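Asks: Below are the sequence and a predicted model for it; my questions follow.
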There are 2 protein chains.
Amino acid sequence: MALSEKSKKTQDHVLKTTRAILMANGFHNTTINDIIKATGVKKGNLYYHFSSKEEICLAVLEDAKEEFFTFLAQSLQGDSPCAKVVNSCQAIIVAQKKQILVGGCLFGNAALEMSDSNPRFATVLQDVFVHWVGVIDAQLSLAGPDCSLNTNLSPSVLAKAIVATIEGGIMMSRVSKEPADLDDCFVVIKAMLGK
Amino acid sequence: MALSEKSKKTQDHVLKTTRAILMANGFHNTTINDIIKATGVKKGNLYYHFSSKEEICLAVLEDAKEEFFTFLAQSLQGDSPCAKVVNSCQAIIVAQKKQILVGGCLFGNAALEMSDSNPRFATVLQDVFVHWVGVIDAQLSLAGPDCSLNTNLSPSVLAKAIVATIEGGIMMSRVSKEPADLDDCFVVIKAMLGK
């Protein structure tokens, strides 16, 4: 194996393992030593790849962002723009329900813990929310009035509320430990779309 | 001033000052020394009133919970149950918009930071969400089909989604630094209610 491939493998191992720790314990509560212990990567090797804990955490968010954007694009399944929005929301909710008891939504957690104190985190999180809202907005704009129960709502406003309902639903599910709370939010999202 | 009144005043000062620190910096990131510095209360006096940082933080949440429940009850203004729900959501959103740039929603922050790691926090937060959903559910049940755009939605499911939309909207506003994002969520909540 070439060194660059080995490096890439180490980086990816650090990113995926650290993601799980950050989801379970939060950003402030995670130390470099926690990351060293969980990854088994020696301190010197870790600092060869990443210059600080902040850089590791930002790289974790960027990695999760790219993964989410790919997932989001693939989730737009269906015969119509409206079906694509419904199926995308359902796919995200199904995936999130599996994570409710192991940390919830990494972006939502980081939004509340890090976006005020660190503008670099806020920038990545803003990318995630703007892109997600934009993807839904684009489909709702294609769908026209058939994909909203209230024709006075603009697609961009409705798209923003859909993302808010999913993120708030994840938060409530984490407190109640009831993944089914997210299903209730999905029922109302479908109703917002007239489905 | 009697000692008990003085004690009460000290406790209240600690709770309100610590609430502001927790909103700005989060729970894990706040130390006992931060609280001592911000309140000006000496360590011995602080430990006379509260046995640990955990106890202070729990008391802050309980204090904020009681304040929110009073605010919620007073926010149910209007001639009909449906008007009461709309006005309550608006009052909460107006209040939250003022806090977007200084920490957002204490309950939402604590939900994502503390509910997994500390069951005592999760219990208080579950109280907040269950009570809030219950208050909206009760009004929607009184209002009947006139207060929902989709008559197939049960009041309890719609009430849960309304709280989720507000909490998710606060999260998105904190990342975008745009309090107006919450107004967009309010427009969609009104549409959910057929208003």
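Replies: Yep, that arrived.
Asks: would you list every one of the helices in chain A?
Replies: Applying DSSP state H to chain A gives helices spanning A:3-25, A:32-39, A:43-49, A:53-75, A:81-99, A:106-114, A:119-143, A:155-176, A:180-192.
Asks: Against A:Val133, how distant is A:Ser141?
Replies: Distance from A:Ser141 to A:Val133, counting by CB to CB, to the nearest Å: 12 Å. Bear in mind the C-beta positions are built from the backbone N, C-alpha and C, glycine included.
Asks: An error on my part: the question was meant for A:Pro119.
Replies: 20 Å.
Asks: List the contacts of the residue positioned nearest the centre of chain A.
Replies: When CA atoms, centre = their mean is applied to chain A, the residue found nearest the centroid is A:Phe107 (4.8 Å). Shown in contact with A:Phe107 (CB atoms under 8 Å, 6 or more residues apart in numbering or on different chains): A:Leu61, A:Ala64, A:Lys65, A:Phe68, A:Leu125, A:Val128, A:Phe129.
Asks: between the residues you listed, which is nearest A:Lys97?
Replies: Closest approach between those and A:Lys97, by CB to CB: A:Phe68, at 15.9 Å.
Asks: Quick one, which of the helices of chain A gets closest to B:Ala111.
Replies: Per CB to CB, nearest to B:Ala111 of these: helix A:155-176, 4.9 Å.
Asks: Could you check how far the closest one is from the centre of its chain?
Replies: 12 Å (CA atoms, centre = their mean, to the nearest Å).
Asks: Which other helices and strands does it contact?
Replies: helix A:81-99, helix A:106-114, helix A:119-143, helix A:180-192, helix B:106-114, helix B:119-143, helix B:155-176, helix B:180-192 (3 or more CB pairs under 8 Å, 6 or more residues apart in numbering or on different chains; DSSP states H and E).
Asks: export the ones you listed to CSV and tack on distance to B:Tyr47?
Replies: What follows is the helices and strands packed on helix A:155-176, written out as CSV (distance: least, CB to CB, whole Å):
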stretch, distance to B:Tyr47
helix A:81-99, 39
helix A:106-114, 28
helix A:119-143, 34
helix A:180-192, 38
helix B:106-114, 22
helix B:119-143, 19
helix B:155-176, 33
helix B:180-192, 39
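Asks: of A:Pro119 and A:Val133, who's got more company?
Replies: A:Val133 (24 against 11; other CB atoms under 10 Å in any protein chain shown).
Asks: That one touches A:Ser156, doesn't it?
Replies: Yes - the criterion here is CB atoms under 8 Å, and A:Val133 meets it with A:Ser156 at 7.1 Å.
Asks: So A:Val135 versus chain B, what's the distance?
Replies: 15 Å (CB to the nearest CB, to the nearest Å).
Asks: Count residues in the vicinity of that residue, would you?
Replies: Neighbour count of A:Val135, defined by other CB under 10 Å: 20.
Asks: Also A:Ser117?
Replies: Neighbours of A:Ser117 (other CB under 10 Å): 14.
Asks: what about chain A, any weak spots by pLDDT?
Replies: A:1-3 (pLDDT under 70).
Asks: can we see that at 90?
Replies: A:1-7, A:24-29, A:99-104, A:109, A:111-118, A:144-152, A:194-195 (pLDDT under 90).
Asks: who's in contact with A:Gln90?
Replies: Shown in contact with A:Gln90 (CB under 8 Å, 6+ apart): A:Phe186.
Asks: switch the cut-off to 10 Å
Replies: Residues in contact with A:Gln90 (CB atoms under 10 Å, 6 or more residues apart in numbering or on different chains) are A:Ser75, A:Gln77, A:Asp183, A:Phe186, A:Ile189, A:Lys190.
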